[in-house]
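J.: Fold the stuff below for me.
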Amino acid sequence: MAMADDGFREFLRELTEPLGGVTFRRMFGGLSIYQDGMVFALEIDGSLYFKVDGETRGRFVAEDCPQFEYTTKDGRTAQMPYWRAPERLYDEPDEFLDWCRAAVAVARRSEAAKAEEKARKASRKRKGTADTL
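T.: From the prediction side, this is the model:
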């Protein structure tokens, strides 16, 4: 979306206000957008990207939305699990909120998977320590 950064950011604040508990933090020239301490979206260069997983990817593909990618210091292209929001959502606030809620659900699933993996690693470490005693 081709709006000035500050204007677009204020627009995003207004659109996400009905969700409640949404905060914005600057990062790498863009914004991380949080709810309940979890990042569910990014604003970068005047575009909004929602967090996506296997459950939500299809809707982004169907809308022909690109995945967020960047070039690393060594020249490789890296992709992140964020896909650009369809611009039509900016004119459809209720549907915009539905997509936000879906992205928040992705963030929750991601956090739960991380916590589960951390617990699994800790359990293996404890088991390994017990085996050596």
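J.: What residues sit buried inside stretch 62-75?
T.: For stretch 62-75, a neighbour-count test (16 or more other C-beta atoms under 10 Å) marks Cys65, Phe68 as buried. Where you see a C-beta, it was placed from the backbone N, CA and C, and this is true even at glycine.
J.: what sits up against it?
T.: 42, 44, 49, 52, 60, 77-80, 82-86 (C-beta atoms under 8 Å, 6 or more residues apart in numbering).
J.: The same query, at a cut-off of 7 Å, please.
T.: Leu42, Tyr49, Thr77, Ala78, Gln79, Met80, Tyr82, Trp83, Arg84, Ala85, Pro86 (C-beta atoms under 7 Å, 6 or more residues apart in numbering).
J.: mind checking how far that stretch is from the chain centre?
T.: From the chain centre to the centre of stretch 62-75 is a distance of 14 Å (C-alpha atoms, centre = their mean, to the nearest Å).
J.: on that earlier part again, ChimeraX command to pick out the buried ones of the contacts of stretch 62-75?
T.: Provided next is the ChimeraX selection string for whichever of the contacts of stretch 62-75 are buried by 16+ other C-beta under 10 Å:
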select :42,49,82,83,84,85,86
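J.: So which of the contacts of stretch 62-75 is the closest to Ala107?
T.: Of all the contacts of stretch 62-75, Ala107 sits closest to Tyr82, with 10.7 Å by C-beta to C-beta.
J.: from what I can see that closest one touches Tyr49, true?
T.: Yes: if you go by C-beta atoms under 7 Å, Tyr82 and Tyr49 touch, sitting 3.8 Å apart.
J.: Show me whatever sits in contact with both of those two.
T.: Common neighbours of Tyr82 and Tyr49 (C-beta under 7 Å, 6+ apart) are Leu42, Phe68.
J.: Can I get stretch 15-29 as CSV, trimmed to CA atoms?
T.: Taking Å, rounded to 0.1, in the frame of the first residue of the first chain, the C-alpha atoms of stretch 15-29 are listed here in CSV:
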residue,chain,number,x,y,z
LEU,A,15,-8.1,-0.9,11.9
THR,A,16,-6.7,-3.1,14.7
GLU,A,17,-8.2,-1.1,17.6
PRO,A,18,-11.3,-3.3,17.8
LEU,A,19,-9.1,-6.4,18.5
GLY,A,20,-8.0,-4.8,21.8
GLY,A,21,-4.6,-5.2,23.3
VAL,A,22,-2.7,-4.6,20.1
THR,A,23,0.7,-2.9,20.4
PHE,A,24,3.3,-1.7,17.9
ARG,A,25,7.0,-1.8,18.2
ARG,A,26,9.6,-0.4,15.8
MET,A,27,12.0,-2.9,14.4
PHE,A,28,14.4,-2.8,11.4
GLY,A,29,12.7,0.3,9.9
